[in-house]
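# Everything below, folded, please.
(2 chains)
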Number of protein chains: 2
Amino acid sequence: MKTRFLFMMILSFLSMTSTAQQALWGAPNLVSPEIHDNNTVTFRLLAPQANEVKLSGDWMPSEGWVPGSVAMEKAGDDAWTYTTEVLPSELYSYFFLVDGLRVPDPNNVHRIRDVATVSDVFLIGGGKAELYRVNDVPHGTVARRWYDSPGNEMTRRMTIYTPPGYENSNENYPVLYLLHGMGGDEEAWIALGRSAQILDNLIAQGKAKPMIVIMTNGNVFQQAAPGDSPKGFYKPTMQLPNTMDGKMEATFRDVIEFVENNYRVKAEKENRAIAGLSMGGFHSLHISRYYPNTFAYVGLFSPAILPDEKVKSEVYENFDETLKTQMDNGLNLYWIGIGKTDFLYNFVEDYRKKLDEMEFQYEYHETEGGHTWANWRDYLTEFVPRLF
Amino acid sequence: MKTRFLFMMILSFLSMTSTAQQALWGAPNLVSPEIHDNNTVTFRLLAPQANEVKLSGDWMPSEGWVPGSVAMEKAGDDAWTYTTEVLPSELYSYFFLVDGLRVPDPNNVHRIRDVATVSDVFLIGGGKAELYRVNDVPHGTVARRWYDSPGNEMTRRMTIYTPPGYENSNENYPVLYLLHGMGGDEEAWIALGRSAQILDNLIAQGKAKPMIVIMTNGNVFQQAAPGDSPKGFYKPTMQLPNTMDGKMEATFRDVIEFVENNYRVKAEKENRAIAGLSMGGFHSLHISRYYPNTFAYVGLFSPAILPDEKVKSEVYENFDETLKTQMDNGLNLYWIGIGKTDFLYNFVEDYRKKLDEMEFQYEYHETEGGHTWANWRDYLTEFVPRLF
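Have a look, this model is predicted:
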């Protein structure tokens, strides 16, 4: 073969690309975010024509629903920069505001979508967020798989975590059904919740039993996450039909049947858990009550306990009676977690009063913070070691 | 249970969020991109303080490596807008340039990373891109799974497409190994290449046989894509060690062994195919030659046929001899595709001359265009129906 010394050419190709990128994108070789050894973080953005650049990060106190932000500074033609205080261990998200326009960090490709918002992310280790890292431990498999939902008259997609070793054993495994909140979908827990990393790490540390985790799409109006269904690429919204009207709960049997017919599971109550955040907490509450004696473990993470008397569904009928039956049938764990500043706090408090009056046994975890993924990752980390 | 009429509160919560978003992100209810019935597309961006806003899309002619762009216009306080000519059916990517700063479309959450660049995408149907859609057909399963690579002394991740019905049959399936280019990883073909959609659709149309598609990470220096390995979140680069020095090819046996030990495959030459783009074409050329009599189908998509005599590896030794052996052993298909303006065109031409001199049978597909994902999706669409 006629050989050629082409690495020069490749390098020149790469350098042309890089120059083009430099000209176009304005931020060629900046390091941003730069995480320093002391867990302060420096952000950098080259935006020479901007009058004002701010940084908004989810560690900053928000004003109501408006995320906090700080001004970035620049000297001469240099990049706009900002260095944080020492940040506690967490998975953080942020964006820039360039003359009022929300702009991602061009030097950070790690972005996660939350409903219709895409944010850059970074991770501060040394504490709880070590569980959110991909560490050098055995890894489970994450699959996106379609299943038939006769109750919804459609095929739908779910995200499935099978633990390390699942494929190479004949064992049966317990199952955790893990439900997202309003505007979320079957991608939410895996992306924002770092569920695969938390499970991998807790299992590797011997703190959690190997288990299958089923992350469904609770918007029964949808087949799959926006962009992953025949509806094509569209902008996600918080408000969708049929999210809290009983249909999701009534058709959840399709999920359980699919899982139990298609995976090596321990198909009995003692080996089924269900948990969810916000709307998913509402779903978990109702599913665990509506399907009698099916789940031994229930986790309500900042649950949106918001029934509406105007909504007519057999799922929500005879609430007190079926809750009593659920209690009488016995549960290994009924776990409720909520942050002190969560806008749903009072409704959870009312629900706890109800449980107390019934002498329904539950564990209650009140934490700092509000209706945030930081809390939901914490709750998952607390809940999972208690299962099975 | 004490019921409450809380939908008002939820709506108010949503509306607060929405107002906050409006204040912060500047583009609350714009539709962008808006794909019109005649396949023109309107882009909109609210950036009231900007002096100049451009749109850059991959359908625009580039100048060298600098993507083309057009000025957007605004009237008064309205959004900056631009409407394209009629666009042919394709999956397109684009971004805005706001006073020189690259900015994604805040109204489009559908973004795909290509090496270190994240772009918004949209799809124009009515032609070949119908194959890139999630259509209402049976869907295969896509799994990210870790495997042991003794040759690289690490566990590594691959992306695996199993065709519809795989899990519910006892059949064995043929396997296509599908390799990415420089700077890519095990996410490239599934995200940019729309491989799962192309396979789902071609299989549903009866144009392709149900097959397993294995998308490996060809950067044997890496365990997994940036962000998905213990190296954490870092900025991807084109240039990585050990990409074209023989190590990838020499350790590819680990991939084949894992696949054949862990999936129901037809483990013989007639049911193995290998194809790749650019660097992955180079890998496919060498792997199919280096592993004697292993693959009956070979696809070289814009292959980077760039051996360097300075690189010493047994993989590249006795090239002519082993290529002759590969020919003599027999192949069902040796397929080469390249675009007329590809910067690698001349090197592929040289390689074809060599094949011609040897009377090595191959199929050659010369297309318009250059070194682009649009071409590689085309080549996959052409190649897959020819397999097995």
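
# Break chain A into its domains for me.
A:26-126, A:134-386 (automatic domain parsing).

# Lowest average pLDDT across those?
Sorting these by mean pLDDT places domain A:26-126 lowest, at a mean of 93.

# can you map out the helices along chain A?
Along chain A, counting by DSSP state H, helices occupy A:7-25, A:188-191, A:195-204, A:247-250, A:252-262, A:279-290, A:319-329, A:345-358, A:373-383.

# How about the fourth one and chain B, any contact?
No - using CB under 8 Å from any CB of the partner chain, helix A:247-250 never reaches chain B; the gap is at least 15.2 Å. C-beta here means a position set from N, CA and C on the backbone, and glycine is covered the same way.

# What is that helix packed up against?
Packing contacts for helix A:247-250, counted by 3 or more CB pairs under 8 Å, 6 or more residues apart in numbering or on different chains; DSSP states H and E, involve helix A:279-290.

# Show me what counts as buried in the helix it packs on.
A:279-290 (16 or more other CB atoms under 10 Å in any protein chain shown).

# got the residues of the stretch 201-350 of chain A near chain B?
A:224, A:226-230, A:232-233, A:235-236, A:238-239, A:262, A:304, A:306-310, A:319-320, A:323, A:343, A:347, A:350.

# sorry, back to before: highest mean neighbour count out of the helices of chain A?
helix A:279-290 (a mean of 26; mean count of other CB atoms under 10 Å in any protein chain shown).

# can you list contacts of it?
A:177-182, A:184, A:218, A:243-244, A:246, A:248-250, A:252, A:274-276, A:294-295, A:298-306, A:315-316, A:319, A:322-323, A:325-326 (CB atoms under 8 Å, 6 or more residues apart in numbering or on different chains).

# Going by neighbour count, which of those are buried?
A:177-182, A:184, A:218, A:243-244, A:246, A:248-250, A:252, A:274-276, A:294-295, A:298-306, A:315-316, A:319, A:322-323, A:326.

# Which of these fall in strands?
A:177-179, A:274-276, A:298-301 (DSSP state E).

# Report the contact partners of residue A:203.
Here residue A:203 is in contact with A:137-138, A:140, A:163-164, A:209-210 (criterion: CB under 8 Å, 6+ apart).

# wait, what's in contact with the closest residue to residue A:266 other than its chain neighbours?
Excluding the flanking residues, the one nearest residue A:266 by CB to CB, 6 or more residues apart in numbering or on different chains is residue A:172, at 4.7 Å. The contact partners of residue A:172, by CB under 8 Å, 6+ apart, come to A:264-267.

# quick one on the thing from earlier: kindly reformat the buried residues of helix A:279-290 as CSV and extend each row with distance to residue A:383.
What follows is the buried residues of helix A:279-290, written out as CSV (distance: CB to CB, whole Å):
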residue, distance to residue A:383
A:279, 17
A:280, 13
A:281, 12
A:282, 17
A:283, 16
A:284, 11
A:285, 15
A:286, 18
A:287, 16
A:288, 14
A:289, 18
A:290, 21
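
# Tell me how many other residues crowd the residue in the stretch 151-300 of chain A that chain B sits nearest to.
At 4.3 Å from chain B, residue A:233 is the closest residue in the stretch 151-300 of chain A, using CB to the nearest CB. Neighbour count for residue A:233, taken as other CB atoms under 10 Å in any protein chain shown: 19.

# Would you confirm that residue A:383 contacts residue A:363?
No - the criterion here is CB atoms under 8 Å, and residue A:383 misses it with residue A:363 at 9.5 Å.

# shared neighbours of these two, which are they?
Common neighbours of residue A:383 and residue A:363, using CB under 8 Å, 6+ apart, are residue A:335.

# Quick check: the nearest residue to residue A:208 once chain neighbours are set aside vs residue B:137, distance?
Computed as CB to CB, 6+ apart, the closest residue to residue A:208 that is not its neighbour in sequence is residue A:202, at 3.7 Å. Counting by CB to CB, to the nearest Å, the separation of residue A:202 from residue B:137 is 38 Å.

# what's the answer for residue A:59, then?
On the measure of CB to CB, residue A:59 and residue B:137 end up 44 Å apart.

# what's the answer for residue A:157, then?
Distance from residue A:157 to residue B:137, by CB to CB: 13 Å.

# ok now do residue A:294, which residues does it touch?
Residue A:294 touches A:256, A:269, A:272, A:288, counting by CB under 8 Å, 6+ apart.

# Residue B:375: which of those residues is nearest?
Of all these, residue A:256 has the smallest distance to residue B:375: 44.8 Å, by CB to CB.

# Contacts only, for residue A:254.
By CB under 8 Å, 6+ apart, the contact set of residue A:254 is A:147-152.

# Of those, which is the most crowded?
Highest count within the contacts of residue A:254 by other CB under 10 Å belongs to residue A:149, 22 neighbours.

# So that one sits against residue A:155, correct?
Yes - with contact defined as CB under 8 Å, residue A:149 counts as touching residue A:155 (7.0 Å).

# follow-up on the earlier one: could you dump the contacts of residue A:172 to a markdown table with neighbour count?
Compiled in a markdown table, these are given as follows (neighbours: other CB atoms under 10 Å in any protein chain shown):
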| residue | neighbour count |
| --- | --- |
| A:264 | 15 |
| A:265 | 19 |
| A:266 | 17 |
| A:267 | 15 |
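
# Farthest-apart pair in the contacts of residue A:203, please.
Every pair of the contacts of residue A:203 checked by CB to CB; the farthest is A:137 and A:209, at 15.2 Å.

# OK, contacts around residue A:371?
A:278, A:302, A:339, A:342-344.

# try residue A:208
By CB under 8 Å, 6+ apart, the contact list for residue A:208 reads A:199, A:202, A:384-385, A:387.

# And residue A:222, by the same measure?
A:156, A:185, A:229, A:231, A:240.

# If we only consider those, which is nearest to residue A:125?
Nearest to residue A:125 among the contacts of residue A:222, with distances taken as CB to CB, is residue A:185, at 28.5 Å.

# neighbours around that closest one, how many?
So residue A:185, with other CB under 10 Å, has 26 neighbours.

# Could you report the distance from the closest residue to residue A:128 other than its chain neighbours to chain B?
Distance criterion CB to CB, 6+ apart; nearest residue to residue A:128, sequence neighbours excluded, is residue A:89 at 5.3 Å. Using CB to the nearest CB, to the nearest Å, one gets 13 Å for the distance from residue A:89 to chain B.

# Contacts only, for residue A:89.
Residue A:89 neighbours (CB under 8 Å, 6+ apart): A:39, A:124-130.

# In ChimeraX, select just the buried ones from those.
ChimeraX command restricting those to the buried ones, with burial defined by 16+ other CB under 10 Å:
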select /A:39,124,128,129
